[in-house]
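Participant: requesting a structural model of the entry that follows:
(2 chains)
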Amino acid sequence: SQQGEEDPQALSIQEGENATMNCSYKTSINNLQWYRQNSGRGLVHLILIRSNEREKHSGRLRVTLDTSKKSSSLLITASRAADTASYFCATDKDSSYKLIFGSGTRLLVRP
Amino acid sequence: DAGVIQSPRHEVTEMGQEVTLRCKPISGHNSLFWYRQTMMRGLELLIYFNNNVPIDDSGMPEDRFSAKMPNASFSTLKIQPSEPRDSAVYFCASTPGGRNTDTQYFGPGTRLTVL
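Facilitator: Just a heads-up that it's a prediction; the model follows:
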């Protein structure tokens, strides 16, 4: 199974609403990253949170990390139609150089 | 900077043919990754180069796959012979440092279809 597992697999919300996506992982990590992938495009890095951090903000993005529960959440506030994309969490498995991606959450923001 | 450049963007080939995918990482980045993305298996790391040297190729599915990085600005992923199950989107990514904890910058991908 993958190191990072996102939940839910798919999310549909109205423009202006908040979107919350969760990620769970299994082993110790140095950091956790979130990426966005628009349809037909490559992944774009959104935010990185280190294992000694609990919360991080970037614009409308808020990421939390709970290492005791091995979980992270990504909150997008005041969503826009342009936020429609797939969102992936990625962890460095066992503090190695490998970046393991989850299966992603497909977000649809309806205008 | 132009970002990570991949070519071709789309490739359609017949089973048994050789396929070569190309990648130009961001200038100054010394780590390069090749990934494969499919609906069934998600995003998988195939191979990782650091300073042009292959560090980990454990993700390469089989001997039909090979990758090279002759210099800091160019890498290739070759599949010979190709099979229908190789159909996927192949991404190249680069980072400034030697550890994957750095942000990875992805190219637009090559969509490969093997008939």
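
Participant: which one is the residue in chain A that chain B sits nearest to nearest to, not counting chain neighbours?
Facilitator: Nearest residue of chain A to chain B: residue A:42, at 3.5 Å (Cβ to the nearest Cβ). Placement of C-beta: from N, CA and C, glycine included. Closest residue in space to residue A:42, ignoring its immediate chain neighbours: residue B:106 at 3.5 Å, by Cβ to Cβ, 6 or more residues apart in numbering or on different chains.

Participant: try residue B:95
Facilitator: Nearest residue to residue B:95, sequence neighbours excluded (Cβ to Cβ, 6+ apart): residue B:102, at 4.0 Å.

Participant: cool, and residue B:65?
Facilitator: The shortest distance from residue B:65 to any residue that is not its chain neighbour, by Cβ to Cβ, 6+ apart, is 5.7 Å, and that residue is residue B:79.

Participant: re earlier: mind checking pLDDT for the residue nearest to residue A:42?
Facilitator: With respect to pLDDT, residue B:106 scores 95.

Participant: cool, residue A:98 as well?
Facilitator: Per-residue confidence for residue A:98 comes out at a pLDDT of 75.

Participant: neighbours of it, how many?
Facilitator: Counted with other Cβ atoms under 10 Å in any protein chain shown, the neighbours of residue A:98 add up to 18.

Participant: hang on, isn't it packed against residue B:48?
Facilitator: Yes - at 7.4 Å, residue A:98 and residue B:48 qualify as touching, with contact defined as Cβ atoms under 8 Å.

Participant: show me what residue A:88 is bridged to.
Facilitator: Note on residue A:88: beta-bridge partners by DSSP bridges are residue A:35.

Participant: show me the contacts for it.
Facilitator: A:4, A:6, A:34-37, A:43, A:101-105, B:43 (Cβ atoms under 8 Å, 6 or more residues apart in numbering or on different chains).

Participant: helices - which of those residues land there?
Facilitator: With helices identified by DSSP state H, none of the entries of these belong to them.

Participant: need those residues in TSV with pLDDT, neighbour count and distance to residue A:83, can you?
Facilitator: Shown next, in TSV, are the contacts of residue A:88 (pLDDT from 0 to 100; neighbours: other Cβ atoms under 10 Å in any protein chain shown; distance: Cβ to Cβ, whole Å):
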residue	pLDDT	neighbour count	distance to residue A:83
A:4	66	28	20
A:6	82	24	15
A:34	96	27	13
A:35	96	24	14
A:36	97	21	8
A:37	97	21	12
A:43	95	28	15
A:101	89	24	19
A:102	88	24	18
A:103	89	19	19
A:104	92	25	14
A:105	94	22	12
B:43	92	24	20
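
Participant: perfect, that will be all.
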